[in-house]
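starting from these lines, generate the structure:
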Amino acid sequence: MLRPGQIRPNEGQYSASLSLLGPFRLCDPDGQDRTPASPRHQAILAILALAPNCTVSRAKLQDMLWGEKEPRRAAQSLRTALHALKAELKDFDAPLLEIDAKNVRLNEAAVAIDVLEIERRGSDALPAHFKASPPDVLEGISFRGQEAEEFEDWLRNHRAYWLNFIEQLRDEDEDAVTVELHDRAPSQGTQLVLGDPSAYTEMDWPVVGLLQPAVFSQSIQAQFVGEALVDQIADGLREYLGARCYDYRDLAQEADHHEIATRQPDVCLFLKIYEEGGLLFLRTGALRGASQELLWTVNCRSLPARIGAETDPEILAFVGETVERVAETLSMRNQLDSEEPVSPYHALNAMFQLDHSALAGLRARLEDSWRRSGKPIYPALLAYLNTFSVGEHWRPFDGQVREETRALIDSADDTGRSGGLTLALAGHAKGYVLHDREGAADLLERAIKLAPQSAFCWDHLALHHMYGAEYREAQQASSLALKLGALSPLRFTLETTQCMINVLEGRYTEASTLGMRVLSRRPKFGAALRYTTISLAHLGSAERAYDYLRRIWEMDPDFSVEWVKENRMAVQDKTAKEILEIGLKNAGA
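Numbering: from 1, shown residues only. You can find the predicted model right below:
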């Protein structure tokens, strides 16, 4: 029997339904309750369900649910819990859990998740009684007193987020007309007359307040690290989200990159650094601007205090996760159908929905944002969007696209105003569309210096090294990108880069596994389709390779081995080209 508000799995599509609003409940397709008895098992499934790509590292789960234990005992507790949970879920039609040495993944293709269905479909998926009285997420679950502090922070954040989300749905004007992206007319060129950036009032941009770091250490180095990390987080938010950062650290000092607070911040960020026994412990937290309610925290494991902390990979990942969490928290302020300038965060996520019918409308929004704001991030995003003509079978690729891209890159490379993300976008377009490796290398190296915490920047540096057959450097950059982007909604693009590198290094089994995992989530991702096809063909799985090849032809009937010969796959090395050509021929291209 389905309870009120529960989503029944679509016949033939889902093997289970997971209800997170109100009490936790897991049901099979017949509505039979299959909820695990253990609250920790329920918590594991909930954490996976709400994670990007439904994937969480074992280390993260261990810290969230057994952080009070000594690491060896905590790891054993996690292993025991996962073994028991997998046994509880074994009778479903499709495997619900995938567990390997590093990560745990919920098979999102097999599970209908109520809150994600509400997020996708809006009010239509929200039961009427929930609109009147929204329940908590995971009602009744709490580990207070058991020192699972990180889980409690996570739970508090998600309860606040979904309550706010449902209240916004409830309060929407039913007569409001939403303009869909694909209804907008395609743009006719890039000759834009730029306006005054002040045409957008400060009310148009999300506002983040930067609080004074709390540093519990006598070390001057720790004080310096605290200030540097807040600056790094602020720089990332300005460029990635278009945020205005009001700096409360020194109100008497008005540096050029600080802004004076003239309205209530949407969120305030604080940073705490503790030093104990020669180790640093770091935490960032977000407070709701109006009420100062704690929304969430991000923790960094202990690190030696003597290291150059602001450049350590663990701390770069800590900074990157903080930026992503703020972007998620403020994401509803900047929907694509609003009249505000579209943020890079939303633009990139929209691009990688890979909905070709919507890309022309996105292009028009980016041009409008550039025209009205004058920010160099927008021509960079437009240049990056042009790479979808080359790699994602979006629209014909010709000389006009090349010249347009060249002009956009020139506009994006604005010394003193272009941040790391801007330069990485432009750098990838310069290498992939214009085949200017030297120019691309310059832009990407500058991007890394400005935004070393950005998974996006490291991922595109990895692609650049890969196209030039610099595989060791490509693997190093890609591995760091995956570490920094563990919680990014675009993590599947980072996994695709790893797949591509593996193909060109001849590791076809690893490549095909990664590629098929990506395609289970983004079945029209051209890069993943091409490299998965090639890896399967090299493994002798010609029939499966041909199935993926047919998917490519559905998007672009002209796709063939000529893509390699014409450098549309961008690789420069002769051996790498042979790997691509042979793979495509064996697949039937």
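
leaving aside the residues next to it on the chain, what's closest to residue 35?
The shortest distance from residue 35 to any non-neighbouring residue, by C-beta to C-beta, 6 or more residues apart in numbering, is to residue 26 (4.8 Å). (C-beta placed from N, C-alpha, C; glycine too.)

quick one, grab the pLDDT at the one you found.
For residue 26, the pLDDT comes out at 93.

isn't it up against residue 34?
Yes - Residue 26 lies in contact with residue 34 (C-beta atoms under 8 Å); the separation is 4.9 Å.

compare the two (neighbour count), which wins?
Higher neighbour count among residue 26 and residue 34: residue 26, with 21 against 16, using other C-beta atoms under 10 Å.

hey, what's the more buried one bridged with?
In this entry, residue 26 is beta-bridged to residue 18, by DSSP bridges.

residues contacting it?
Listed by C-beta atoms under 8 Å, 6 or more residues apart in numbering, the contact set of residue 26 reads 16, 17, 18, 19, 33, 34, 35, 36, 45.

okay, these in a markdown table with distance to residue 158 and pLDDT next?
A markdown table is the format used below for the contacts of residue 26 (distance: C-beta to C-beta, whole Å; pLDDT from 0 to 100):
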| residue | distance to residue 158 | pLDDT |
| --- | --- | --- |
| 16 | 20 | 91 |
| 17 | 19 | 91 |
| 18 | 14 | 92 |
| 19 | 14 | 91 |
| 33 | 23 | 90 |
| 34 | 22 | 92 |
| 35 | 19 | 93 |
| 36 | 19 | 92 |
| 45 | 13 | 95 |
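
lowest average confidence, helix or strand, in the chain?
Least confident helix or strand, the chain: helix 128-132 with a mean of 64, by mean pLDDT, DSSP states H and E.

who touches both of residue 26 and residue 34?
Taking C-beta under 8 Å, 6+ apart as the criterion, residue 26 and residue 34 both touch residue 16.

and the strands in the stretch 251-400 of the chain?
267-276, 279-288, 294-304 (DSSP state E, counting those that start in this stretch).

most tightly packed of these?
strand 279-288 (a mean of 20; mean count of other C-beta atoms under 10 Å).

what angle sits between it and strand 294-304?
Going by axes from the mean of the first three to the mean of the last three C-alpha atoms, to 10 degrees, strand 279-288 is angled at 170 degrees with respect to strand 294-304.

run the chain-centre distance for strand 279-288.
In terms of C-alpha atoms, centre = their mean, to the nearest Å, the centre of strand 279-288 is set 21 Å apart from its chain centre.

between strand 267-276 and it, find me the angle.
Going by the same axes, to 10 degrees, strand 279-288 is angled at 160 degrees with respect to strand 267-276.

who are the packing partners of strand 279-288?
With contacts taken as 3 or more C-beta pairs under 8 Å, 6 or more residues apart in numbering; DSSP states H and E, strand 279-288 sits against helix 220-241, strand 267-276, strand 294-304, helix 313-330.

let me know the average pLDDT across that strand.
84.

name the strands paired with it and say parallel or antiparallel.
Strand 279-288 has the following sheet partners, assigned by DSSP bridges: strand 267-276 (antiparallel), strand 294-304 (antiparallel).

good, wrapping up.
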